[in-house]
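1. Sequence and predicted structure are below.
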Amino acid sequence: MPHTWGIPELLESAMSWNTYYQRKHAIAEVLDNARRDPRSALDTIPNPFTGAGELLAALHYKWMQQLNGRVEVALADTEHSPHGDRVEAVTTAWRRTAATNPALRDVLEHHAEHPVLRAANAQQHRMLALAAGLAEQHEDEHDIARVGQAFLHLLRATPAQAEERSRPGVLRKLIPSR
């Protein structure tokens with residue numbers, strides 16, 4: 001059964017089709033600008049967004065939709081594999097999502113300290129830790145987020161090529177046991 005990892009309250013409210021398409025077009029415009037210069041992608045906030053926080057929340061939502069989808073598929077594939085490794089499945093899902101969305105990733109990373117993204121990134125860290133099996137749902141949410149953040153730092157610090165050349169489970173070995 002699919003597991004939803006959370007939807008920002010800002011995006012849960014009902015919106016008209018017109019607003020939906022305006023937002024979709026504005027996000028595409030911001031990402032086109034980000035391909036040229038991720039640092040200045042939010043210099044101008046396009047309509048219908050009212051501020052950087054609202055736009056960043058929408059961009060993070062777009063990222064999480066894609067990441068959640070890939071993580072769910074990777075975990076389903078891992079379940080049916082005799083040698084499936086959840087850490088490697090989540091690692092691959094994150095890397096594929098990042099490789100498919102470099103401008104989106106750059107904007108989110110450049111603005112990671114924005115208050116809206118701090119909370120959203122903590123949510124992402126918790127999702128990664130739980131999906132990879134590095135934490136349990138009953139643990140303290142701050143501890144889960146810390147584990148997910150450490151996992152993401154290791155994932156980014158370990159080049160994909162080096163991981164592919166090494167023995168399976170290299171990233172799992174770098175994560176300290178509890």
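-> In hand now; what should we look at?
2. Can you pull out the low-pLDDT segments for the protein?
-> Residue ranges of the chain with pLDDT under 70: 1-14, 161-178.
3. Can you list the buried residues in the longest helix belonging to it?
-> The longest helix of the chain (DSSP state H) is helix 52-79. Neighbour-count burial for helix 52-79, counted by 16 or more other CB atoms under 10 Å, picks out 53-64, 66-68, 70-72, 74-75, 78. For every residue, glycine as well, the C-beta is placed using N, CA and C.
4. same deal with stretch 81-99?
-> Per 16+ other CB under 10 Å, stretch 81-99 contains these buried residues: 85-98.
5. Show me those that map onto strands.
-> Taking DSSP state E, every one of the buried residues of stretch 81-99 sits outside strands.
6. As CSV, these with distance to K24 would be great.
-> CSV is the format used below for the buried residues of stretch 81-99 (distance: CB to CB, whole Å):
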residue, distance to K24
D85, 36
R86, 33
V87, 34
E88, 33
A89, 30
V90, 28
T91, 30
T92, 28
A93, 24
W94, 24
R95, 26
R96, 22
T97, 19
A98, 21
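7. and which of those is nearest L128?
-> Nearest to L128, judged by CB to CB, of those is V90 at 6.0 Å.
8. Could I get the contacting residues of that closest one?
-> V90 sits next to 71, 74-75, 128, 131-132, 151 when contact means CB atoms under 8 Å, 6 or more residues apart in numbering.
9. nearest to V107, of those residues?
-> L128 (19.4 Å).
10. From S40, how far out is A135?
-> Separation of A135 from S40 (CB to CB, to the nearest Å): 37 Å.
11. If you count surrounding residues, which of the two has more?
-> Each of A135 and S40 has its neighbours counted (other CB atoms under 10 Å); A135 has more, 23 against 11.
12. does the more buried one really touch R146, like I thought?
-> No: assessed by CB atoms under 8 Å, A135 is found out of contact with R146, at 9.1 Å.
13. Would you confirm that T97 contacts M64?
-> No: between T97 and M64 there is no contact, the gap being 9.4 Å when judged by CB under 8 Å.
14. Give the burial count for E113, as a bare number.
-> 8.
15. And stretch 116-135, what's buried?
-> 116-117, 120-132, 134-135.
16. And the residue nearest the centre of this protein?
-> M64 (4.8 Å; CA atoms, centre = their mean).
17. quick one: it and D85, what's the gap?
-> With CB to CB as the criterion, M64 and D85 are 23 Å apart.
18. residue contacts, A26?
-> Contacts of A26 (CB under 8 Å, 6+ apart): 46-49, 55.
19. One more pass at 10 Å, please.
-> 45-49, 55, 58 (CB atoms under 10 Å, 6 or more residues apart in numbering).
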